[in-house]
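[1] requesting a structural model of the entry that follows:
(chains A, B, C and D)
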There are 2 protein chains.
Amino acid sequence: METTKKRSDCPLSCSLDIFGDKWSLLIIRDLLFLKKSTYNDFLKSAESIATNILASRLKALEENGLIEKLEHPDSKAKILYRLTQKGIDLLPILMEVYSWADKYLTIPADIKATIEEAKKDRDKFISQVTTELNIK
Amino acid sequence: METTKKRSDCPLSCSLDIFGDKWSLLIIRDLLFLKKSTYNDFLKSAESIATNILASRLKALEENGLIEKLEHPDSKAKILYRLTQKGIDLLPILMEVYSWADKYLTIPADIKATIEEAKKDRDKFISQVTTELNIK
DNA sequence: CCGCATCCCTATAGATACTG
DNA sequence: CAGTATCTATAGGGATGCGG
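    Modelled structure (predicted):
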């Protein structure tokens, strides 16, 4: 069922086989920027993902080594999802998408400001986000 | 039918609504790098897209202003697909995906060499590809 | 509560055959 | 050559159930 056979040897094609859908990168976004880390956090996101879809994406993301499951410090009942380095390294891709969207789509003003701030010193922004995630 | 209602105001979410599927970026790749420009060119790609999917993606890409349809210089029967600037500007995103894939996936040696060459002088590579496409 | 799993139903993706 | 038509498979939405 989770065979995910690759369509070709093309690196782009293989990458899209992993995160080329409408939901995976939104989960990555939540983990990268929005300090979300539990199942219910993701469920509450603006795009309102269905529970079965979320479960299947989390499983796929974990199988592909982009995220990992940990015990939540607050409660035994909770699970904490965290990005691996492989997952964190999707950040530059997301930044380019934001940058493209900033140029061609209509963006809420506050988000627009953040994007342009991040673009100004891209490397600094990347290391900042990365460090933050690694500390946690 | 092509209502493509957006799921949220998030620029990433909106971008994924446009090209966040397993095929659109492969068509963009074909146009950007592989000098493909007709329906049958795309059909022949390694991933072997189905004809109806190709048709629907081309339509969506055109509606979203990423590509445009032109008369083919060789034949009246042919249609030439070309990237708009909005489409060409997806190149930085693709390059980051290639870069990520280069780090984490198993890549054919020749493609790996090309990726790393392009990364060395990224801006030059981008302007080179862009110029080439604009000339045609 | 929390993290799913399951079921049911609909919508979209996709494979294949065929057409203007 | 550039698509449709038709059919089937999978993705996805929404409600609910259930063990820890």
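
[2] list the contacts of A:Asp102.
    Contact analysis of A:Asp102 by CB atoms under 8 Å, 6 or more residues apart in numbering or on different chains lists A:Lys112, A:Ile115, A:Glu116, A:Lys119, B:Pro11. C-betas here are computed from N, CA, C, even on glycine.

[3] quick one: which of those has the most company?
    With neighbours defined as other CB atoms under 10 Å in any protein chain shown, the most crowded of the contacts of A:Asp102 is B:Pro11; it has 24 neighbours.

[4] the nearest residue to that one once chain neighbours are set aside: what secondary structure?
    Nearest non-adjacent residue to B:Pro11, counting by CB to CB, 6 or more residues apart in numbering or on different chains: A:Ala101, 3.6 Å away. Following DSSP: H, G, I helix; E, B strand; the rest coil, we place A:Ala101 in the helix state.

[5] before we move on, the earlier item: go through the contacts of A:Asp102 and say which is closest to B:Met95.
    Set against B:Met95, the nearest of the contacts of A:Asp102 by CB to CB is A:Lys119 (15.8 Å).

[6] pretty sure the closest one is touching A:Ser99, no?
    Yes. Look at A:Lys119 against A:Ser99 with CB atoms under 8 Å: they come within range, at 6.0 Å.

[7] for chain A, just list every one of the strands.
    A:67-71, A:79-83 (DSSP state E).

[8] average pLDDT for the first one, rounded please.
    Same thing as strand A:67-71. Across strand A:67-71, pLDDT averages out at 92.

[9] any residue of that strand touching chain B?
    No. Figure legend: strand A:67-71 not in contact with chain B (CB under 8 Å from any CB of the partner chain); closest approach 13.8 Å.

[10] ok, the most centrally placed residue in chain A to A:Lys36 distance?
    Residue closest to the mean C-alpha point of chain A, counted by CA atoms, centre = their mean, is A:Ile28 at 0.9 Å. Using CB to CB, to the nearest Å, A:Ile28 is found at 11 Å from A:Lys36.
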